[in-house]
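Sequence and predicted structure, then a few things I'm wondering about:
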Amino acid sequence: MPTLNRIAPCLWFDTQAEEAAKFYCSIFPNSHIDAVSHYGKAGIETHGRPEGSVMFVSFTLDGQKLGALNGGPMFKFSEAVSLMVTCKDQAEIDHYWNTLSEGGQPNVCGWLKDKFGLSWQIVAADFERMIESNDPARRDRVMNVVMNMRKPILADLQQAYDGK
């Protein structure tokens, strides 16, 4: 019996659920489309969606189950919810930042909106350790650097942490 994925984000799109799921799966390892369901006659009545159009996409993104719903234009993504990608090194940071921000909107502190409007946080694996330091001067230096950078630069974060 498969493991129950008790909590999984469901992303609301107007009409781009399958396109977005395929895009995300192309970026992350261990990712694939699990299933695609389509609107039947009820979709016309309840959502104004054409019969046969994509309704829901179940997909796995780097081992994490997600869903994508083509629910209509009434809800949009906001920065209030983002997906955080923890990166082991600068090469991973560069890969995820560059790929996800293409056609989107880079922001400060490692945040970006992708071309579908979904917010992502690209963070260095060491970032949590740095901001959890018992040394307030270290935490402040790291946060000052983070607040003034767009794409995270691991060497800059480490220099701030080390006081250089």
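Nice, I can see it. Residues are numbered from 1 along each chain as shown.

Which SSE is immediately downstream of the one helix or strand in the chain whose mean pLDDT sits lowest?
In the chain, no helix or strand scores lower on mean pLDDT, DSSP states H and E than helix 41-47, which sits at a mean of 72. Using DSSP states H and E, the helix or strand that follows helix 41-47 in sequence is strand 54-61.

Give the other helices and strands that that next one contacts.
helix 17-27, strand 32-38, strand 64-70 (3 or more CB pairs under 8 Å, 6 or more residues apart in numbering; DSSP states H and E). For glycine as for every other residue, the C-beta is placed from the backbone atoms N, C-alpha and C.

Turn the ones you listed into CSV, including distance to Val145 and mean pLDDT.
Below are these laid out as CSV (distance: least, CB to CB, whole Å; pLDDT from 0 to 100):
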stretch, distance to Val145, mean pLDDT
helix 17-27, 26, 98
strand 32-38, 37, 98
strand 64-70, 29, 97
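
Which one of the ones you listed lies nearest to Gly52?
With CB to CB as the criterion, Gly52 lies closest to strand 32-38 of those, at 5.4 Å.

Who are the packing partners of that closest one?
Short answer (3+ CB pairs under 8 Å, 6+ apart): strand 32-38 packs on helix 17-27, strand 54-61.

The same query, at a cut-off of 10 Å, please.
helix 17-27, strand 54-61, strand 64-70 (3 or more CB pairs under 10 Å, 6 or more residues apart in numbering; DSSP states H and E).

which residues does Gln64 bridge with?
Leu61 (DSSP bridges).
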